[in-house]
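**Student:** got a sequence here, can you build the structure:
(chains A and B)
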Amino acid sequence: DGGITQSPKYLFRKEGQNVTLSCEQNLNHDAMYWYRQDPGQGLRLIYYSQIVNDFQKGDIAEGYSVSREKKESFPLTVTSAQKNPTAFYLCASSSRDRVDGYTFGSGTRLTVV
Amino acid sequence: EDQVTQSPEALRLQEGESSSLNCSYTVSGLRGLFWYRQDPGKGPEFLFTLYSAGEEKEKERLKATLTKKESFLHITAPKPEDSATYLCASTSGGYNKLIFGAGTRLAVHP
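**Tutor:** This is a model prediction of the structure:
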């Protein structure tokens, strides 16, 4: 079955530590996205990529970094510069025509300990 | 500034009690209005895309409609399994990104 796989499902980060969230898709989608979800707020865009080796900042990119070396993969690194990283992180992908919106992964819940 | 606002924040219904969820949008050059369903601890699941005012789409007990300023998600005779958070999103600046409302948490009780 085609879809998006995010791992791990739960992640714990210590103060000052960088962590990387994985996102892999086998839908042959060109575009991929990272969103952050906090209670009572809408999803906020962190980074997006429309083609391999190219990505753009979203609305809340500070403290995050990404890479897009392969079409199937779009990992997100939460750096120590992100002061409030505890949240639910969602990866999504879409096709060029986007008639069906985005397909989302199952999410990674990151907690600072 | 492009914005999507959903109301109410939370809605409690009895099984079989029909109602509507609202999504108001202020975006320049709307290219698509999307509805998603999200269960706790999971990613959003796509429901509908609407492209132009007057368009309607249906799926089981759900019907989505679109006007020039807002969209409605009508739920007819809901069942407990319809309990979830419903998210509305619109295109912003083209298809490069979607902007989301905060969602409506729907609880349907037997």
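
**Student:** flag every residue of chain A that's near chain B.
**Tutor:** By Cβ under 8 Å from any Cβ of the partner chain, the residues of chain A that approach chain B are A:4, A:6, A:33, A:35, A:40-45, A:48, A:50, A:56, A:58, A:90, A:92, A:94, A:98-107, A:109. Every C-beta, even on glycine, is put in place using the N, C-alpha and C of the backbone.

**Student:** if we go to 6 Å?
**Tutor:** Counting by Cβ under 6 Å from any Cβ of the partner chain, chain A comes close to chain B at A:41-43, A:45, A:48, A:90, A:98, A:100-101, A:104-107.

**Student:** tally up the residues packed near residue A:21, please.
**Tutor:** Using other Cβ atoms under 10 Å in any protein chain shown, residue A:21 has 23 other residues around it.

**Student:** so which of the residues of chain A next to chain B comes closest to residue A:23?
**Tutor:** Nearest to residue A:23 among the residues of chain A next to chain B is residue A:105, at 6.1 Å by Cβ to Cβ.

**Student:** show me the contacts for that closest one.
**Tutor:** Residue A:105 makes contacts with A:4, A:6, A:91, B:43, as judged by Cβ atoms under 6 Å, 6 or more residues apart in numbering or on different chains.

**Student:** ok, and the most crowded of these?
**Tutor:** residue A:91 (28 neighbours).

**Student:** can I take it that that one is in a strand?
**Tutor:** Yes: per DSSP: H, G, I helix; E, B strand; the rest coil, residue A:91 lies within a strand segment.

**Student:** circling back to that earlier point, farthest pair within the residues of chain A next to chain B?
**Tutor:** For those, the maximum inter-member distance is 24.6 Å, found between A:41 and A:100 (Cβ to Cβ).

**Student:** the worst-scoring helix or strand of chain B on mean pLDDT vs chain A: in contact?
**Tutor:** Taking mean pLDDT, DSSP states H and E as the measure, chain B has strand B:97-100 as its least confident helix or strand, at a mean of 87. Yes: counting by Cβ under 6 Å from any Cβ, chain A is contacted by strand B:97-100 at B:97, B:100.
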